[in-house]
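1. with the sequence up front, the predicted model follows.
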Amino acid sequence: ELIEKQIKQHADFNQQHIENTNNQEKLFKDKTEENEKDIVLMKSQYLVQIENINLDYEQEKLRLKNQLQQALQANSGNINTSTSNSNVQQLEYEVTEAQYQIEKLEKQIVANTTKDDRSSLEGQINFLNDVIVELRNTNERLIKEMEFQKNPFAGDDELTGNTNGRMKLSAPRLCCSMCEVFDQHDADDCSKQSSLLDKQLQTDHQTSGTGAGAGAAAGAGAGAGAADVGAAPALFTGGRLHGLSTSG
């Protein structure tokens, strides 16, 4: 009788264990399905968000491009002082707004995008940076035209001085065309520029040595060889022409 009781208790225990196992498996399955649905929903929302960001980028690019074209067309002919002042202020505002949009979108890139999406959006940011540079160049040209109309006989240095004295513009962003980066350094301070100058000097030094040897052997052609060696090559970097003198 005791044995039968123990057998019954053991059977009840096994039955309870089986029911608990089934309940746990069902709960786990339900939780897994719920998590999968949440993941699908989050992925869908993320893709929609990325699509909206891309759409905003495209609209912003188109708007800035149209404004730039309108500004260039409006100022292609003769301009007066009042119109120039208005255009300069408008261009300054557009530059500030474009910089704000870039900072905003850069934050969105860090927060919301994957590596591939980030690469695409960074390319669009580079385009906006190019637009800013173009706007600044147009702005400077308009200011010089204004100063020229006020004083047609002033030289470039005087126009530049008057411009700096009368209008305070925000400092232009540093831009290196060799490294293709912004806000770090300009082309004149680029390490690649120094390497290029050193390489050019070394090449010129070797060329001058070869020319001098040939001039000594030829005799009559020494004068012409020295003239060729004395001519310093020029490099155009950062919007300036730099002359390089060679030493034999």
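-> Thanks, I have the structure now. Every value quoted in this text rests on a predicted model; they were computed, and no experiment measured them. Numbering: from 1, shown residues only.
2. use CA for all of it now, contacts and neighbours both
-> Noted.
3. walk me through the domains of this protein.
-> Domains of the chain are assigned by automatic domain parsing as 38-173, 176-208+238-248.
4. least reliable of those domains by average pLDDT, please.
-> Between those, the one with the least mean pLDDT is domain 176-208+238-248; it has a mean of 60.
5. return the distance of K5 relative to C176.
-> For K5, the distance to C176 (Cα to Cα, to the nearest Å) stands at 90 Å.
6. neighbour count winner among the two?
-> The neighbour count for K5 versus C176, taken as other Cα atoms under 10 Å, is higher for C176 (19 against 10).
7. go ahead and confirm the more buried one touches K192.
-> No - in this structure, C176 is not within contact of K192 by Cα atoms under 8 Å, at 10.1 Å.
8. quick check: which element contains L68?
-> Using DSSP states H and E, L68 falls within helix 2-74.
9. helices or strands next to that helix in the packing?
-> helix 81-112, helix 115-150 (3 or more Cα pairs under 8 Å, 6 or more residues apart in numbering; DSSP states H and E).
10. could you check how far K31 is from Q24?
-> K31 is 10 Å from Q24, by Cα to Cα.
11. burial measure for N139, as a count.
-> When neighbours are counted by other Cα under 10 Å, N139 registers 23.
12. quickly note the distance from it to D130.
-> In this view, N139 and D130 are 14 Å apart by Cα to Cα.
13. cool, Y93 as well?
-> Taking Cα to Cα, one finds Y93 at 16 Å from D130.
14. ditto for N54
-> In this view, N54 and D130 are 18 Å apart by Cα to Cα.
15. those two: which has the busier surroundings?
-> More crowded of N54 and D130, by other Cα under 10 Å: N54, with 16 against 13.
16. just say helix, strand or coil for C179.
-> Per DSSP: H, G, I helix; E, B strand; the rest coil, the secondary structure class of C179 is coil.
17. who's in contact with it?
-> When contacts are counted by Cα atoms under 8 Å, 6 or more residues apart in numbering, C179 touches C190.
18. rerun at 7 Å
-> Counting by Cα atoms under 7 Å, 6 or more residues apart in numbering, C179 makes contact with nothing.
19. what about E145, how many residues close to it?
-> When neighbours are counted by other Cα under 10 Å, E145 registers 19.
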